[in-house]
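Asks: could you work out the structure for the sequence below:
(2 chains)
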Amino acid sequence: MNLSEIKSKTVPITLQDGKERHLRFTLNALALLEEKYGSVDRAFEEVQKSQSVIGLRYLLWAGLSWEDEELTEHDVGNLIDIGYMSEMMEKLGIALDDSMPVDEAAQKLLAAQKEAEGTDTQAAKVNNPN
Amino acid sequence: MASTNPLQDGWDWPFIIYAGTVWLRRSEQEVWNMTPKKLYALLKVHIDLESAKYSSNKKPSGQAALTYIDNIPGW
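Replies: A predicted model of the protein is given here:
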């Protein structure tokens, strides 16, 4: 086991007040998302699909509250610049991935997929050399 | 035991709090403030150590055997 399997990185994010904050999804944050949306995946899917600012505000608040317990959803709402919604969603996704256990099975699957893609690319080149 | 994805199906919260407070002897607040990555890593070490203990000594009868962490629902 190496350090990356236990230590979660925090993802830095700077909102409209110019202050750098750090996203991390603790069990507390995940419980909040599950309570509101039914599951963590559904929370991310719904916010992405609907492009909801209220949803984004909730995700950000959940991911930032480990660092500042006094931060409210309302505070976060005042700090969001809608023009950067996709960047914020991307950072939230990275923070979520990094908070999750390193899944050996998933790693193996990804490696197998990459290998298969490499084989496909080679096959495509053979079939269509141009 | 059926394998589930906690991100899709929800977490087994009673188990998580039990494992964190009873097995790892952390306070409830410490457990809530851990990332799943950290809790998983600590539980894996705990289970490996306990399994090693049981395999070197004879397992007491009637005591549940510890298993791989991947067999625990919610992981």
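Asks: ok, is the lowest-mean-pLDDT helix or strand in chain B in contact with chain A or not?
Replies: Using mean pLDDT, DSSP states H and E, helix B:6-9 stands out as the lowest-scoring helix or strand of chain B, at a mean of 77. Yes: where contact is defined by CB under 8 Å from any CB of the partner chain, part of helix B:6-9 touches chain A, namely B:6, B:7, B:8, B:9. From N, CA and C alone the C-beta is placed, and that goes for glycine too.
Asks: may I have that helix as CSV, with CA atoms only?
Replies: These are the backbone C-alpha positions of helix B:6-9, laid out as CSV (Å, rounded to 0.1, in the frame of the first residue of the first chain):
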residue,chain,number,x,y,z
PRO,B,6,-22.1,2.9,-2.8
LEU,B,7,-22.0,5.9,-5.1
GLN,B,8,-25.0,4.5,-6.9
ASP,B,9,-26.8,2.5,-4.3
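Asks: helices or strands next to the helix or strand that it is followed by in the packing?
Replies: Using DSSP states H and E, the next helix or strand after helix B:6-9 towards the C-terminus is helix B:13-18. Under the contact definition 3 or more CB pairs under 8 Å, 6 or more residues apart in numbering or on different chains; DSSP states H and E, helix B:13-18 sits against helix B:28-32.
Asks: now the helix it packs on: mean pLDDT?
Replies: Averaging pLDDT along helix B:28-32 yields 96.
Asks: that one near chain A at all?
Replies: Yes: residues of helix B:28-32 contacting chain A under CB under 8 Å from any CB: B:31, B:32.
Asks: got the residues of helix B:6-9 next to chain A as a markdown table, with neighbour count columns?
Replies: Listed next are the residues of helix B:6-9 next to chain A as a markdown table, based on neighbours: other CB atoms under 10 Å in any protein chain shown:
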| residue | neighbour count |
| --- | --- |
| B:6 | 21 |
| B:7 | 19 |
| B:8 | 11 |
| B:9 | 15 |
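Asks: so which residues on chain A come close to chain B?
Replies: A:1, A:5-8, A:24-28, A:30-31, A:34, A:38-42, A:66, A:98-102, A:105.
Asks: what's the closest non-adjacent residue to the spatially most central residue of chain A?
Replies: When CA atoms, centre = their mean is applied to chain A, the residue found nearest the centroid is residue A:93 (1.2 Å). Closest residue in space to residue A:93, ignoring its immediate chain neighbours: residue A:44 at 7.0 Å, by CB to CB, 6 or more residues apart in numbering or on different chains.
Asks: now residue A:68
Replies: Nearest to residue A:68 is residue A:21, by CB to CB, 6+ apart, at 7.4 Å.
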